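Asker: Here is my input, please return the structure:
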Amino acid sequence: MHSHRGGSLFNKFPSADARPSRISRLKILTTSVLMMAGGFWAFSGPVQAATFTQLTPGSSVLAGTNRYQVALSVAKSAFPNATTAILASGATANEWDPLLASPLSAQLKAPILLTQSASSIGSITLAGLSALKISSVILVGATATEASALKAQLPKNITVSATYGNAIPSDTAASLAAALEKMQGLKSLGSVFAVSNAPANLADVVSAAPAAAMSRSPMLLVPPSSNGVLPSSEAPYLNTAATVYAVGAASSFGFTSTSANTQIVPLTGASRSQTLLAVDTRFFPNATSVFIANGETNHLVDALAVGPLIAEQGGALLFMYGPNRFTPSGTQAFLANTSQVSTINTLTFVGGPTSIPTLDYTMFEQDFSALGSGVKTMTLTPSTTAPTTNSIISLSSVATSVAGKPISLPVTWSVTGSNSSDAVIESTGANTAAFVAVKPGTYTISASVDGTTQTLSLTLSSATTSSTS
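Answerer: This next block holds a predicted model:
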């Protein structure tokens, strides 16, 4: 097979392989852009504004200069009328706590705000509490001493209505499971999510949070090994649940003490993006919105509080990686699923200036509902009514998305056939090409867009040789 994207055969045709500006491509129904700065929901300062110039206009971003401001942006979008907020430490040592709080947040429709440490609220979140008009808070993952310190820092008009957990993450998980069980009036939980307690597997907890929030099911921490021991505080909830969704590394845990009626459902993949895809496919098969977060370990903090918002919007979470990095295989698979992508109408990037500019936007430059849909129509415009050998035949491909919008991604052309070694096809524009063959026969022309290929057969007769006297 011969595929050409340039060359010297058609020097008369200008090279037009360059892709249109990404600024002109993404056309997506979105919500407003939110950013917390100085207590107001707006972009602040020329440096921050410049950082976001590479975002395609029309996409939405929930951002801030750090994890605390990102959480505030998410809170404003998720539960703008909430009077109760959940406070959990955003410090690196406590990153499980806000994630474990996701189902409680969804149950109460109370946003998750991040404290600077286990015992310090921090000025950003304090200002956010006032901006959101919060009147009560729930503390997650705080010891009695830490809870006392946090309470002392709150404005007098904000009360502490409950405290769940302590400094031991598994105890916090169990405390939240008990609270959800009581709030839902259950004797035993219908489902729980088992996630790894290893810091290296935090991405699994991020992946599980939206589904756990959507189903109001607690997340319980288990060792990522078959011979690990389940913490005693969690055992009553995990072992009696009707269904245990084992996410990522937790699927390796030996669930030997569960009830005989408990169904273990592994949701895992060969990579973190594939594990996330397994969760999305199971719980959000008809997602109407997509949230993009940087899936690299040092950027996962941007997604600590976004799970309940994704659940509220019936969305799916996807990972992208850093500068000049590949698009994760799980993300590619999601975008290649036409039926999945066809329902998407909003796209939101989650993260601040440090993480958003590092994302590779090539998968999102097009109308999102067009991704994976490929070529819908293709027309052939021959230079004569009867194409012949040794004549240049113009070809054009018209691709439309599942939403009926034009796709402007460049087309890749190729030709096959018994005499294809004597034929050449060259791109002459984003969706046009020129074809010539020196031998008669039937050739198969292929046009590929976004991984989808459309073909047509073209039969060329011998060119008629004329003579003059």
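
Asker: Report the secondary structure state of residue 292.
Answerer: Assigned by DSSP: H, G, I helix; E, B strand; the rest coil, the conformation of residue 292 is strand.

Asker: With residue 318 instead?
Answerer: Under three-state DSSP, residue 318 falls in the strand class.

Asker: same check, this time on residue 225
Answerer: When classified by three-state DSSP, residue 225 comes out as coil.

Asker: which ones are touching the closest residue to it other than its chain neighbours?
Answerer: Excluding its sequence neighbours, the residue lying closest to residue 225 (C-beta to C-beta, 6 or more residues apart in numbering) is residue 252, at 5.9 Å. Any C-beta I mention is one placed from the backbone N, CA and C, and that applies to glycine too. Contacts for residue 252 (C-beta atoms under 8 Å, 6 or more residues apart in numbering) come out as 224-226.

Asker: how about a cut-off of 10 Å?
Answerer: 196, 222-228, 246, 266, 268 (C-beta atoms under 10 Å, 6 or more residues apart in numbering).

Asker: residues contacting the residue nearest in space to the middle of the chain?
Answerer: Nearest to the geometric centre of the chain sits residue 318, at 1.8 Å (C-alpha atoms, centre = their mean). Each residue near residue 318 by C-beta under 10 Å, 6+ apart is listed here: 273, 276-277, 280, 287, 290-293, 295, 327-328, 330-332, 334-335, 347, 363-364.

Asker: Who does it form a beta bridge with?
Answerer: With DSSP bridges as the criterion, residue 318 is bridged to residue 292.

Asker: who touches stretch 179-192?
Answerer: So stretch 179-192 is contacted by 103-104, 106-108, 138, 140, 162, 164-165, 173, 177-178, 211-212, 215-220, 234, 236-246, 259, 262-263, 265 (C-beta under 10 Å, 6+ apart).

Asker: Pull up the distance across it, start to finish.
Answerer: In stretch 179-192, first residue to last residue: 13 Å (C-alpha to C-alpha, to the nearest Å).

Asker: One more: stretch 243-263?
Answerer: Note: stretch 243-263 ends 5 Å apart using C-alpha to C-alpha.

Asker: And the residue nearest to residue 225, how far from residue 391?
Answerer: Distance, residue 252 to residue 391, using C-beta to C-beta, to the nearest Å: 63 Å.

Asker: pLDDT score for the residue nearest to residue 225?
Answerer: With respect to pLDDT, residue 252 scores 97.

Asker: Equivalent analysis for residue 261, please.
Answerer: pLDDT at residue 261 comes out at 91.

Asker: Look up how far residue 195 lies from the residue nearest to it when sequence neighbours are not counted.
Answerer: Leaving aside its sequence neighbours, residue 261 sits nearest to residue 242 (C-beta to C-beta, 6+ apart; 6.9 Å). For residue 242, the distance to residue 195 equals 18 Å [C-beta to C-beta].

Asker: Looking at those two, which one has more neighbours?
Answerer: The residue with more neighbours, out of residue 242 and residue 195, is residue 195; 32 against 13, by other C-beta atoms under 10 Å.

Asker: give me every residue that touches that one.
Answerer: Per C-beta under 10 Å, 6+ apart, neighbours of residue 195: 96, 99-100, 173, 201-209, 212, 219-222, 224, 245-250, 253.

Asker: Run through the bridge partners of it.
Answerer: Assigned bridge partners for residue 195, using DSSP bridges, are residue 221.

Asker: gap between it and residue 423?
Answerer: Plainly put, residue 195 is 55 Å away from residue 423 if you go by C-beta to C-beta.

Asker: And residue 223, by the same measure?
Answerer: Remark: distance between residue 223 and residue 423 (C-beta to C-beta) = 61 Å.

Asker: Show the residue spans covered by the helices in the stretch 251-400 of the chain.
Answerer: 272-283, 307-312, 329-336, 338-341 (DSSP state H, counting those that start in this stretch).

Asker: Go through those and name the closest to residue 70.
Answerer: Residue 70 lies closest, by C-beta to C-beta, to one member of these: helix 307-312, at 11.4 Å.

Asker: Now do the residue nearest to residue 217 when sequence neighbours are not counted against residue 248, distance only.
Answerer: Spatial nearest neighbour of residue 217, chain neighbours left out: residue 191 (4.5 Å); criterion: C-beta to C-beta, 6+ apart. Relative to residue 248, residue 191 is positioned 17 Å away (C-beta to C-beta).
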